[in-house]
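Trainee: Below is the sequence, then the predicted model.
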Amino acid sequence: MFPFVALRFAAIMAKKWSCRLEAVARQTRGGTLTSSVETEPLLRADGIELSFGGVAALKRVSLDVAPGGITALIGPNGAGKTSLFNVVSGFHKPDAGTLRFAGNDITRLATHRRAGLCIARTFQNISLFPGMTVLDNIKLGAHTHLKTGVLAAGVFWGPAQREEVQLRDEIERKIIDFLEIDHIRKTPVAMLPYGLQKRVELGRALAMRPKLLLLDEPVAGMNREETEDMARFILDLQEEWGVTILLVEHDMGMVMDISNHVVVLNFGEKIAEGPPDVVQRDAAVIEAYLGASEAA
Amino acid sequence: MDIMFVVEDSITGLMTGGVYALIAVGIVLVFRATKVFNFAHGAVLMIGAYFYYTITGMLDVAGLGTWAIYVLGLPLTMIVAALFGAVIERVLMRPMIGQHPFPMIMVTIGLISVLEGVAAIAWTTNAKYPPALVGLSIDFVGGMAINRQMLASFLIAGAVFVIITILFLKSKAGVAIRATASDQSTAYAMGINVPRVFMTTWMVAAATAALAGILLAPLNSLTPSLSQVGLSVIAVVILGGLDSVIGALLAAFIVGWLEAMANHFLGGDFKEIVPYAVVLAIILIRPYGLLGTRDVERV
Amino acid sequence: MIIGDYKASYASDEAVFRSWPVRYGFAALLIALAVLPFGASGFIIFLVIQVAIYTVAITGLNILTGYTGLISLGHGALVGVGAYATAVFANWLGAPWWVVMPMAVAFTAAVGLLFGLPSLRIRGLYLTIATLAANFIIIFIIEHWTDVTRGDSGITLAPATLFGMALESDAQKYALIVPIAILAVLFAQNLFRTRVGRAFIAIRDSDYSAEIIGVDLTRYKLIAFGIGSAYAGLAGSLWAYNFLALLPTQFELQLSIVFLAALVVGGNARTLGPIFGAVFVILIPEFLKWLFGFLTPISPTILEYTAPANTIAYGLLIIGFMIFEPMGLAAIWTRFWRYINLWPFSP
């Protein structure tokens, strides 16, 4: 058993935390890691089609998410925003179209492997693990970046402990501090108010060391103060962490304030895209939101 | 000559299947309405059979003739069993409405132990022989032996099954049950008395279980381990697709027949294991059963 | 107030025994367990051995059912697989326990994985039913594969030897079984301080988000089945070396239900749960025996009811705890210590 543990230990030391793009590039068919990540869009959806029992949820939707920016996905209820998110995170496999992440085709990649690519997401209805504490929820986010196997975990002393303490240190310094949730770190999430739960869910996504962060209605149901806090976190993430953000939101004030690029969906089709101030004046968008008669 | 025995055993198997259908319908009803899978259904059946044993014993002491078994014994047993089902629902299940399925499943598992223990204390573990509804004699039809009690069981079980299915599809209570099944809160909002729906289904399930117990007990003998039949009927329910009444009927015949064939070709011991082998096979190949809804597997 | 919860490093904050009363308490418990065989009566030692074996089995069930949320009705049969594998391997090979035991554990884990395969496609209820079916099929095989298992006539094996001494008395067996049980519990506790254990809980709480954060559901469900079954195998192996004679009927469905009862009573998803649960389910029959012995002068036949009374007690415990205290004794224990710690400022 001890040689085994030692081997594990060596493996952990050899690999630092990183998104295993290379590994995934090998897994995806024909995928090669291009060096032009910086110039290409980080995420490119091309002609995505998705239907549920004959009802088309997405009709040939194409979308580019530029690296380092904040892209907002807006549209009336039922426009297909969350469906597109589910395609990106892998819950739905599209009927047609391709999805490329940092130059790799990930259209058919298993959901859990996308975490290894550092695609993180939060949910519209918070989807935390209610029985666990805030700290454990956030630690879970780092799952793919940790290496401990069953044997090392059970023995604990040695590599597993080192990894756990290092993880704790990272989380404390980078996430708990940043999100200002140090007072609740040992509270079970089920006992927290809605606004804080949203923040913890963001924390869990951050522990995934995201390159691309999908936020599904991050400020829905929040009051003005909570919304401002969240907007500040999102801006900090983009500016200081260099995270690329794709968000769905109905709070137009916030969308227009923080995003660089806005994509509008209506009935599963992309009807407009561009900088916020342009999209705001787009006739098709106004019609989609206010209805044809009023726009006329 | 040998083929004759196969046919004979097949018929026996299909008849047993009829009783299985009667047992399965109780599990399916309760599952559809309350989303609780009742592992204790067999135990309720066993208790129902003991009720029957005690009631007919009292009728015998009272000196009433065999007619009393039909006129008083049968209905009284089913009423008492229905009340028993109502008590289980009210005391054990009602407090847990709307909870995660884990505690509810655990409660029904605990209930198996309690009911088997209670039966062993109240009626001892010695075999009992309650009176059969029809004489246990055997008729020969063209060289094939047909057990009369079995035939009668098959007919009664079939009739009750058909009645329940029709009620389920057509009656107002049936509509209420189905509405509750598809969405509890909406059913509540539409003015359906959901707790009463729950209680009704438990009462019907317990009464039909007791009837199945009445039919099964005289064929062998009555001991607390009769409740095991409930566990093998789980195979029927799974094969049928958990939420499908018609699927359960079809599956009941298949399982009954397979048991008879295992008994014929491999010997009596293998008969007990058939339902479980069927369950594992179904779960691996087609988890939602013959006629079940696909998304049930996501429960 | 006994404890101020102040930590100077993350390592100490992540420790299992987070305060000095707990640390000394645990040390005292270890010492008590170490000196017990020298002072206690044979009967007490016998009971502690049984508690240890049950604790190992229930810890395995806890990993599977408590933490990962896969309800198993086949755990008792898997303990049977472990026990029979031990007896058969020991008789065939004539090998010492430290060869036979890992073999039995590995074999049981493999059998568990085989029956865990349905868990890849199905969830919740269907899985419970699959394990129920597995329970019957395993017992059936043990009963009917008489060439190997000797079926209903039972199987025997030679006692384990430690330092050239055959472990035949209860005190001798204690020396083998209890340390192994303690190590097994610590191993499980450690599991839940790392990513492996957290992934299990994630699957239980929300498999949807577990996938999003990169937990491979297939892999981790199988790991859970493998570890849970390995614990069952270890418990079975200890069981075999404790009783030295096995019958298939010992491992029937009732045993699985007793394990579930212990888990529910002790508190699932807690390390202490299986220990509390094991103590409880081992003591209940003894308590009932004592109680009924007390009542014999009043009702001479009452001892006949001991077995059904046990059955009822197990069932009532499951039901009662599920309705009134779903988190079990471990939760009561935690609340009690929180109260003591904060006293005199307890709410």
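Mentor: Sure, I can see it. None of the values given here were measured: they were computed from a predicted structure.

Trainee: C-alpha only now, for contacts and for neighbours.
Mentor: OK.

Trainee: what's the burial count for the closest residue to residue B:68 other than its chain neighbours?
Mentor: Sequence neighbours aside, residue B:59 is the residue nearest to residue B:68 in space, at 6.9 Å (criterion: CA to CA, 6 or more residues apart in numbering or on different chains). Residue B:59 has 16 neighbours, counted by other CA atoms under 10 Å in any protein chain shown.

Trainee: Pretty sure residue B:59 sits against residue B:71.
Mentor: No - Residue B:59 lies out of contact with residue B:71 (CA atoms under 8 Å); the separation is 10.8 Å.

Trainee: For the residue nearest to residue B:68, give me its contacts.
Mentor: Residue B:59 sits next to B:68, B:69, B:73 when contact means CA atoms under 8 Å, 6 or more residues apart in numbering or on different chains.

Trainee: taking these one by one, which sit in helices?
Mentor: Judged by DSSP state H, those include residue B:68 as members of helices.

Trainee: The residue in the stretch 151-296 of chain A that chain C sits nearest to: what's it in contact with?
Mentor: Nearest residue of the stretch 151-296 of chain A to chain C: residue A:154, at 4.3 Å (CA to the nearest CA). Residue A:154 makes contact with C:186, C:187, C:188, C:189, C:190, C:191, according to CA under 8 Å, 6+ apart.

Trainee: One more pass at 6 Å, please.
Mentor: C:187, C:190, C:191 (CA atoms under 6 Å, 6 or more residues apart in numbering or on different chains).

Trainee: so where do the strands sit in the stretch 101-250 of chain C?
Mentor: C:155-156, C:161-162, C:165-166, C:245-246 (DSSP state E, counting those that start in this stretch).

Trainee: Format the ones you listed as CSV; extra columns: distance to chain B, mean pLDDT and mean neighbour count.
Mentor: What follows is the strands of the stretch 101-250 of chain C, written out as CSV (distance: least, CA to the nearest CA, whole Å; pLDDT from 0 to 100; neighbours: other CA atoms under 10 Å in any protein chain shown):
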stretch, distance to chain B, mean pLDDT, mean neighbour count
strand C:155-156, 21, 86, 20
strand C:161-162, 39, 80, 16
strand C:165-166, 39, 79, 12
strand C:245-246, 21, 90, 20
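
Trainee: wait, which of those strands is closest to chain A?
Mentor: If we rank these by CA to the nearest CA, the stretch that ends up nearest is strand C:161-162, at 21.6 Å.

Trainee: Near the residue nearest to residue A:188 when sequence neighbours are not counted, how many residues? Count them for me, please.
Mentor: Sequence neighbours aside, residue A:133 is the residue nearest to residue A:188 in space, at 3.9 Å (criterion: CA to CA, 6+ apart). Residues near residue A:133, counting by other CA under 10 Å, number 19.

Trainee: what does the one 5 residues further on give?
Mentor: The number of residues packed around residue A:138, counting by other CA under 10 Å, is 27.

Trainee: List the contacts of whichever residue of the stretch 201-347 of chain C sits closest to chain A.
Mentor: Per CA to the nearest CA, residue C:214 is where the stretch 201-347 of chain C lies closest to chain A, at 4.0 Å. Residues near residue C:214 by CA under 6 Å, 6+ apart: A:112, A:113, A:115, A:144.

Trainee: and the residue of the stretch 151-296 of chain A closest to chain C, what pLDDT?
Mentor: Listed pLDDT for residue A:154 reads 80.

Trainee: ditto for residue A:204
Mentor: For residue A:204, the predicted pLDDT is 91.

Trainee: Look up which helix or strand the closest residue to it other than its chain neighbours falls in, please.
Mentor: In space, residue A:204 comes closest to residue A:138 once its chain neighbours are excluded; the distance is 4.1 Å by CA to CA, 6+ apart. For residue A:138, the enclosing helix or strand under DSSP states H and E is helix A:134-141.

Trainee: in that helix, what counts as buried?
Mentor: Residues A:134, A:135, A:136, A:137, A:138, A:139, A:140, A:141 are the ones in helix A:134-141 that count as buried (16 or more other CA atoms under 10 Å in any protein chain shown).

Trainee: packing partners for it?
Mentor: Contacts defined by 3 or more CA pairs under 6 Å, 6 or more residues apart in numbering or on different chains; DSSP states H and E place helix A:134-141 against helix A:194-207.

Trainee: by contact count, what packs against the helix it packs on?
Mentor: Short answer (3+ CA pairs under 6 Å, 6+ apart): helix A:194-207 packs on helix A:134-141.

Trainee: how many neighbours does residue B:191 have?
Mentor: 9.

Trainee: picking that back up, reformat the contacts of residue C:214 as a markdown table; add distance to chain C.
Mentor: Below are these laid out as a markdown table (distance: CA to the nearest CA, whole Å):
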| residue | distance to chain C |
| --- | --- |
| A:112 | 4 |
| A:113 | 6 |
| A:115 | 5 |
| A:144 | 6 |
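
Trainee: By neighbours, which of these wins?
Mentor: Busiest of the contacts of residue C:214 [other CA under 10 Å] is residue A:115, holding 28 neighbours.

Trainee: Where does that residue sit, in terms of helix or strand?
Mentor: Using DSSP H and E, residue A:115 falls in helix A:111-116.

Trainee: which residues are in contact with that helix?
Mentor: So helix A:111-116 is contacted by A:90, A:144, C:211, C:212, C:213, C:214, C:215, C:216 (CA under 6 Å, 6+ apart).

Trainee: What strands line up against the next helix or strand after that helix, and which way round?
Mentor: Tracing the chain past helix A:111-116, the next element assigned as helix or strand by DSSP H and E is strand A:119-122. Its sheet considered, strand A:119-122 pairs with strand A:212-216 (parallel) by DSSP bridges.

Trainee: Tell me the one of the contacts of residue B:59 nearest chain A?
Mentor: Using CA to the nearest CA, the contacts of residue B:59 come closest to chain A at residue B:73, 51.4 Å.

Trainee: Give me the neighbour count for the closest residue in space to the closest one that isn't next to it in sequence.
Mentor: Spatial nearest neighbour of residue B:73, excluding adjacent residues (CA to CA, 6+ apart): residue B:56 at 5.6 Å. By the criterion of other CA under 10 Å, residue B:56 has 24 neighbours.

Trainee: With adjacent residues omitted, what lies nearest to residue B:270?
Mentor: In space, residue B:270 is closest to residue B:262, 6.0 Å off (CA to CA, 6+ apart).

Trainee: For residue A:152, see how far away the closest residue to residue C:81 other than its chain neighbours is.
Mentor: Of all residues not flanking residue C:81 in the chain, residue C:108 sits nearest, at 6.0 Å (CA to CA, 6+ apart). Separation of residue C:108 from residue A:152 (CA to CA, to the nearest Å): 21 Å.

Trainee: the more surrounded of those two?
Mentor: residue C:108 (32 against 26).

Trainee: Does that one touch residue C:233 like I think?
Mentor: Yes - look at residue C:108 against residue C:233 with CA atoms under 6 Å: they come within range, at 5.1 Å.

Trainee: Need the overlap of contacts for the two.
Mentor: Between them, residue C:108 and residue C:233 share these contacting residues under CA under 6 Å, 6+ apart: residue C:82.
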